[in-house]
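S.K.: pasting the sequence and the predicted model now:
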Amino acid sequence: MEPFIVGIDITSTKDLFGKNREIETLISCAKRKGNAGIIGARRFGKTCLMKSLETYLVNNSSIGAYPLYFDVKTQCGVKKNTPAVYRSMASLLASKMCLDNLLPEGELKISRRCSLDISCDELDMRVQMEEWNPEYQKQVLFTLANSLAKNNKYLLLLLDEIDYLLLEAFDTPSDFSRIRGAATSPESNLKFWIAGTSTWSAICTSVGSPELNCGLENVTITPTSKEDFTSLWQHECSLIKETFLRQQYLDLLSPLFQKTGGVPYYAKFVASHMYTNKKVALPEYDVIRDYLCEIINNRFVSEAERSTMFLLSKGPKNFEGTIPDGITSLRSKGLVNSISESTFYLPIGYLEDYLRACSHDKEVVDIDSIEQEELNELVNQIERLRVGVNKRYINVHEVFIPSHEDPIEFGILRKRCYDEASMDAFSGSLYKLYYEGSNNGNNLPDRWSEFANLTRALRHLYNHRECAPSTMSEERLLMIVNNGSRPIYDYEFAKMQVKVLQLCRDELCGMQTPTSPSRTNTNTSTTESDSSSVLRGKINGDRNRIFVDNHPVYIIDKRMGFAPNNSPREYDYSEREEVLFELRERTNPKTGKPISFAINVRPAND
């Protein structure tokens, strides 16, 4: 794996540095069926904490929580459309329950007039609900929660970007009251955890919907301690192969901790910038100014908090007598630390630099240049990862064949897309670098992976339109990269470009992970295929899922799941026992979406 890769969500609690207290609090909350609020500034690790606990709760089914992570901003992208939000959550939940064998395929009665045809196809169910009465669209979520209760589970909604959900996605913030009402009922089989940049009470006060207020277990995400940051930094530096260069980066530990305040994402983003540009010197605050700007300009930051941060940017301040309210709230968010009972300072050096620049009327915010810098960094990481993949498979063959045209194609990837023509040029370059560059996919570990199919389908979205899509339907492609619709406005093209590049980065990271399964199916016309690769994982207590590190869970096939003489009846599988298994991959004929099932499961020590 390459060092300092950012933007990859952490999905295991073991990989979170310095978050043991928060993890324990939330696990206890899940056991008590409590609602919780996860508070922290942007890029402080709220999403990674949520996704890691989602994995933990799935893996520990005895707790009884059935988690559903949902980020309305990225998963459905709707604005001012309450029914669309509810049906997106419901379709995602129904698909997940169907895959987990908690809901049978077929008709589910919602009301006297409405029935939902349950399947693993999330998009199909979302389309079914579009013509329903809005109240029935909302009802599906709660009907599914009732179905979970019959399996002795309760629905735990993990709602990320709560600010966006209330202010942008819902028609009005009070549209959340139905979820809030269900979650606060004594006999509730639905609970929620929310992640945002402010406390729930402060958000409700700001949006003017006090009826939403309810008691939450507040969990604050603060920067890591120096000790935990040291462990994180040593781990990242261990991925640098050159001994001298590795030591140079290790020597940056203290100054980097001071500048980033111990925020892991800030540190890795800054280090990635240095590593890509072959510089071993800390850059100015500009490299992360987008995130710093959002800390100051977030609508849930009060004027008292803003004034306090500007005051502390001049250096530590001793407050004699009463501590200002701004200090107290900023301290709870991890943006202010104390030297003594009355002396406080800003722990993030870059934030201090940014505020000083603002105080001197220096122009520090240029959104276009910030977005371009982030786009450049994303492409730089892909360029590095492509080289890393070749090193990973050096004993087999070179996955990506270098070409003198590569610099030109990477240059095109760095140009921001704003219309069909620029998106066509972008997709053509990606196709050359990823698909043609890997000998038309023949050198890829998995030639028929979803991203490989996406790369080819994207190439034909605006060019070669006369060719019928064969690797992935247009409907499925747009569902992945632009929430199911064709981009119209320039910002939608730019968002779609970033999404595709993020998927590319994730795919390349997966190729460097030793535990990533390698499938060799070479027939796209079939809807079902078997893999001869034997994988190792841990079986859950319900004997319906297998967990593999750094990979989504595998569902055990109902018919071919267990090897002869090793079925649960004949063999006493204990919870989380290691097992060996193989894969059966099925493709949904409507969407082209692959679903992997585990078959031939048997004890690892067999």
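M.R.: Ah, there it is.
S.K.: flag the shaky bits of the stretch 151-300 of the chain, pLDDT-wise.
M.R.: 206-213 (pLDDT under 70).
S.K.: break down it into its helices, ranges please.
M.R.: Under the criterion DSSP state H, counting those that start in this stretch, helices of the stretch 151-300 of the chain are mapped to 162-164, 177-183, 200-207, 226-237, 243-250, 253-260, 264-276, 289-297.
S.K.: distance to Cys114 and mean neighbour count added to the ones you listed, as a markdown table?
M.R.: (C-beta placed from N, C-alpha, C; glycine too.) As requested, those are exported to a markdown table (distance: least, CB to CB, whole Å; neighbours: other CB atoms under 10 Å):
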| stretch | distance to Cys114 | mean neighbour count |
| --- | --- | --- |
| helix 162-164 | 29 | 19 |
| helix 177-183 | 17 | 18 |
| helix 200-207 | 31 | 18 |
| helix 226-237 | 50 | 17 |
| helix 243-250 | 58 | 14 |
| helix 253-260 | 51 | 18 |
| helix 264-276 | 43 | 21 |
| helix 289-297 | 41 | 19 |
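S.K.: out of those, nearest to Phe400?
M.R.: Phe400 sits nearest to helix 264-276 of all those, at 17.6 Å, using CB to CB.
S.K.: so which bits of stretch 486-500 are buried?
M.R.: Using 16 or more other CB atoms under 10 Å as the test for burial, stretch 486-500 gives 487, 492-498, 500.
S.K.: no, scratch that, I was asking about stretch 405-421
M.R.: Residues 406, 409-410, 412-414, 416-418 are the ones in stretch 405-421 that count as buried (16+ other CB under 10 Å).
S.K.: output those as TSV; include the columns distance to Ser201 and secondary structure.
M.R.: As requested, the buried residues of stretch 405-421 are exported to TSV (distance: CB to CB, whole Å; DSSP: H, G, I helix; E, B strand; the rest coil):
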residue	distance to Ser201	secondary structure
Asp406	53	helix
Glu409	51	helix
Phe410	48	helix
Ile412	48	helix
Leu413	44	helix
Arg414	43	coil
Arg416	39	coil
Cys417	41	coil
Tyr418	41	coil
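S.K.: helix or strand right after the least confident helix or strand in the chain by mean pLDDT?
M.R.: None of the helices or strands of the chain scores lower by mean pLDDT, DSSP states H and E than strand 528-539, at a mean of 64. Next along the chain after strand 528-539, taking DSSP states H and E as the criterion, comes strand 545-548.
S.K.: can you pull out the helices in the stretch 1-150 of the chain?
M.R.: Going by DSSP H, counting those that start in this stretch, the stretch 1-150 of the chain shows helices at 20-31, 46-59, 72-75, 82-99, 122-129, 134-149.
S.K.: which one of the ones you listed lies closest to Ala425?
M.R.: Of all the helices of the stretch 1-150 of the chain, helix 72-75 sits nearest to Ala425, with 25.0 Å by CB to CB.
S.K.: hmm, who's touching the closest one?
M.R.: Residues outside helix 72-75 that contact it (CB atoms under 8 Å, 6 or more residues apart in numbering) are 78, 85, 88, 92, 159-161, 164-165, 168-169, 483.
S.K.: so which of those residues is the closest to Leu375?
M.R.: Asn483 (19.9 Å).
S.K.: quick check: pLDDT value at the closest one.
M.R.: Looking at Asn483, its pLDDT is 77.
S.K.: which residues are in contact with it?
M.R.: By CB under 8 Å, 6+ apart, the contact set of Asn483 is 75-78.
S.K.: how about Cys120: what's its closest non-neighbour residue?
M.R.: The shortest distance from Cys120 to any residue other than its chain neighbours is 5.0 Å, reached at Cys98 (CB to CB, 6 or more residues apart in numbering).
S.K.: residues contacting that neighbour?
M.R.: Contacts of Cys98 (CB under 8 Å, 6+ apart): 104-105, 118-120.
S.K.: kindly recompute the last result at 10 Å.
M.R.: When contacts are counted by CB atoms under 10 Å, 6 or more residues apart in numbering, Cys98 touches 104-106, 118-122, 125, 555.
S.K.: now restrict those residues to buried residues only.
M.R.: Buried subset of those (neighbour count, 16+ other CB under 10 Å): 118-122, 125, 555.
S.K.: farthest pair within the residues you listed?
M.R.: The largest separation in these, counting by CB to CB, is between Met125 and Ile555 at 17.8 Å.
S.K.: what ranges of the stretch 301-450 of the chain fall below the confidence cut-off?
M.R.: 361-370, 396.
S.K.: all strands of it, in order?
M.R.: 317-318, 337-338, 343-345 (DSSP state E, counting those that start in this stretch).
S.K.: and those strands: which comes nearest Gly37?
M.R.: Each of the strands of the stretch 301-450 of the chain was scored for nearness to Gly37 using CB to CB, and the closest is strand 337-338 (22.0 Å).
S.K.: got a list of contacts for the closest one?
M.R.: 222-223, 261, 312, 316, 323, 327, 330-331, 343-348.
S.K.: and which of these is nearest to Tyr249?
M.R.: Distances from Tyr249 to those, taken by CB to CB, are shortest for Gly261, at 18.6 Å.
S.K.: quick one, what contacts the nearest residue to that closest one once chain neighbours are set aside?
M.R.: Counting by CB to CB, 6+ apart, Ile348 is the residue found nearest to Gly261 once chain neighbours are left out, at 3.4 Å. Contacts for Ile348 (CB under 10 Å, 6+ apart) come out as 41, 223, 258-263, 266, 285, 288, 291-292, 295, 334-337, 354-355.
S.K.: distance of Ile348 from Asn277?
M.R.: To Asn277, Ile348 is 22 Å away according to CB to CB, to the nearest Å.
S.K.: how about Ser88?
M.R.: Per CB to CB, Ser88 is found 40 Å from Asn277.
S.K.: got a list of what the closest residue to Ala84 other than its chain neighbours touches?
M.R.: Leaving aside its sequence neighbours, Ala84 sits nearest to Val78 (CB to CB, 6+ apart; 4.3 Å). By CB under 10 Å, 6+ apart, the residues touching Val78 are 72, 84-85, 87-88, 168-170, 483.
S.K.: okay if I get these as TSV plus distance to Glu577?
M.R.: Shown next, in TSV, are these (distance: CB to CB, whole Å):
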residue	distance to Glu577
Val72	38
Ala84	42
Val85	40
Arg87	39
Ser88	36
Glu168	45
Ala169	42
Phe170	44
Asn483	40
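S.K.: report the buried members of the residues you listed.
M.R.: Here, 16+ other CB under 10 Å leaves 72, 84-85, 87-88, 169-170, 483 buried among those.
S.K.: show me which pair in the residues you listed is furthest apart.
M.R.: Phe170 and Asn483 (16.4 Å).
S.K.: closest to Ser567 out of the contacts of helix 72-75?
M.R.: Within these, proximity to Ser567 (CB to CB) peaks at Leu92, which comes in at 31.4 Å.
S.K.: and for that closest one, the neighbour number?
M.R.: Per other CB atoms under 10 Å, the neighbour tally for Leu92 reads 19.
S.K.: is it correct that it is in contact with Pro67?
M.R.: No: the pair Leu92 / Pro67 is not scored as a contact, 11.8 Å apart, by CB atoms under 10 Å.
S.K.: assign Thr553 to helix, strand or coil.
M.R.: No, residue 553 isn't Thr; it's Val. strand (DSSP: H, G, I helix; E, B strand; the rest coil).
S.K.: whoops, Leu583 was the one
M.R.: In terms of secondary structure, Leu583 is strand; the call rests on three-state DSSP.
S.K.: my guess is it contacts Val534, does it?
M.R.: Yes: applying CB under 10 Å, one finds Leu583 in contact with Val534, separated by 9.5 Å.
S.K.: and those two? Which one has more around it.
M.R.: Each of Leu583 and Val534 has its neighbours counted (other CB under 10 Å); Leu583 has more, 21 against 12.
S.K.: output stretch 397-416 as PDB, restricted to C-alpha atoms.
M.R.: Provided in PDB are the C-alpha atoms of stretch 397-416 (Å, rounded to 0.1, in the frame of the first residue of the first chain):
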ATOM      1  CA  HIS A 397       3.300  -9.200 -14.600                       C
ATOM      2  CA  GLU A 398       3.100  -5.400 -15.000                       C
ATOM      3  CA  VAL A 399      -0.600  -4.500 -14.500                       C
ATOM      4  CA  PHE A 400      -0.400  -1.000 -16.100                       C
ATOM      5  CA  ILE A 401       1.900  -0.700 -19.100                       C
ATOM      6  CA  PRO A 402       3.700   2.700 -19.100                       C
ATOM      7  CA  SER A 403       3.200   4.900 -22.200                       C
ATOM      8  CA  HIS A 404       4.700   8.100 -23.300                       C
ATOM      9  CA  GLU A 405       1.200   9.400 -23.600                       C
ATOM     10  CA  ASP A 406       0.400   8.900 -19.900                       C
ATOM     11  CA  PRO A 407       1.400  12.400 -18.700                       C
ATOM     12  CA  ILE A 408      -1.000  13.900 -21.300                       C
ATOM     13  CA  GLU A 409      -3.800  11.700 -20.200                       C
ATOM     14  CA  PHE A 410      -3.200  12.400 -16.500                       C
ATOM     15  CA  GLY A 411      -3.200  16.100 -17.400                       C
ATOM     16  CA  ILE A 412      -6.700  15.700 -18.900                       C
ATOM     17  CA  LEU A 413      -7.900  14.000 -15.700                       C
ATOM     18  CA  ARG A 414      -6.800  17.100 -13.800                       C
ATOM     19  CA  LYS A 415      -9.000  19.500 -15.900                       C
ATOM     20  CA  ARG A 416     -12.300  20.200 -14.300                       C
END
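S.K.: all set now, cheers.
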